[in-house]
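[1] Let's see this in three dimensions:
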Amino acid sequence: MIYWNDFVHDGITYPLGHLHPEIWEFKQASKGDKPEIVYKILIIYSLHCFTVKGGTKLPYSDNRETRNFCFKRYEDSKMLPEIIKALGAGYVYHTGRQNFLRIDQGAAKEYEVFFTVTRTQNADLQIYIQSAYLRTRGHSPVAGKIRFAVIAHNTQKGKKIKPPRR
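    Next up, the predicted model:
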């Protein structure tokens, strides 16, 4: 699991504890004769949530790569735990690849959160936040809507989640 070290620049510490792994209990509501299901989901965040590609002005590394610490992405990343724990409300989008996208419309801006959902030994499921950033140009690459409860259920049962037809 990835526990991020705080970033220090010019004597100022930027704590990253809000992006440490945690277990979230996602409750899928009962429906008809189907009972409520509770999933224990391990949430893990990548360094792409608070860094950007290119150069080494403000280097920050994990065991795979070095990127630049980004003060804007860092500030925006403080919203991530709340956004992730709200996945059960509304829709997420299948990107047409092996991941999903949640778009938060805070302050009339699109904050995009790309993630995968897999089975894991440490919990029922694992959400890996691949990247998160404020959309600055163009439109979000949305392929098709899906409820997070469907993703959780199908992943837990080992059922494929097919991308929607275009």
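
[2] only C-alpha atoms for contact and neighbour calcs from this point on.
    Noted.

[3] what residue lies at the spatial centre of the protein?
    Computing the C-alpha centroid of the chain and ranking residues by Cα atoms, centre = their mean puts residue 129 first, at 3.1 Å.

[4] Pull the residues that contact whatever helix or strand it lives in.
    Residue 129 is located in strand 125-134, with elements delineated by DSSP states H and E. Identification of contacts with strand 125-134 by Cα atoms under 8 Å, 6 or more residues apart in numbering yields 39-50, 73, 76-77, 109-120, 152, 155-156.

[5] Can you flag the buried ones in these?
    For the contacts of strand 125-134, a burial check counting by 16 or more other Cα atoms under 10 Å picks out 39-50, 73, 76-77, 110-115, 117-119, 152, 155-156.

[6] In helices only, show me the residues you listed.
    Per DSSP state H, helices hold the following members of these: 73, 76-77, 152, 155-156.

[7] Relative to residue 163, which of the residues you listed is nearest.
    residue 155 (13.8 Å; Cα to Cα).

[8] I'd say the closest one and residue 117 touch.
    Yes. Applying Cα atoms under 8 Å, one finds residue 155 in contact with residue 117, separated by 7.1 Å.

[9] and residue 75, how many neighbours?
    Counted by other Cα atoms under 10 Å, the residues lying close to residue 75 total 12.

[10] is it possible to export the ones in helices among the buried ones among the contacts of strand 125-134 to a markdown table including pLDDT?
    Output for these, formatted as a markdown table (pLDDT from 0 to 100):
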| residue | pLDDT |
| --- | --- |
| 73 | 94 |
| 76 | 93 |
| 77 | 95 |
| 152 | 95 |
| 155 | 95 |
| 156 | 94 |
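
[11] Looking at those residues, which is nearest residue 124?
    Closest to residue 124, out of all of those and judged by Cα to Cα, is residue 156, at 7.0 Å.
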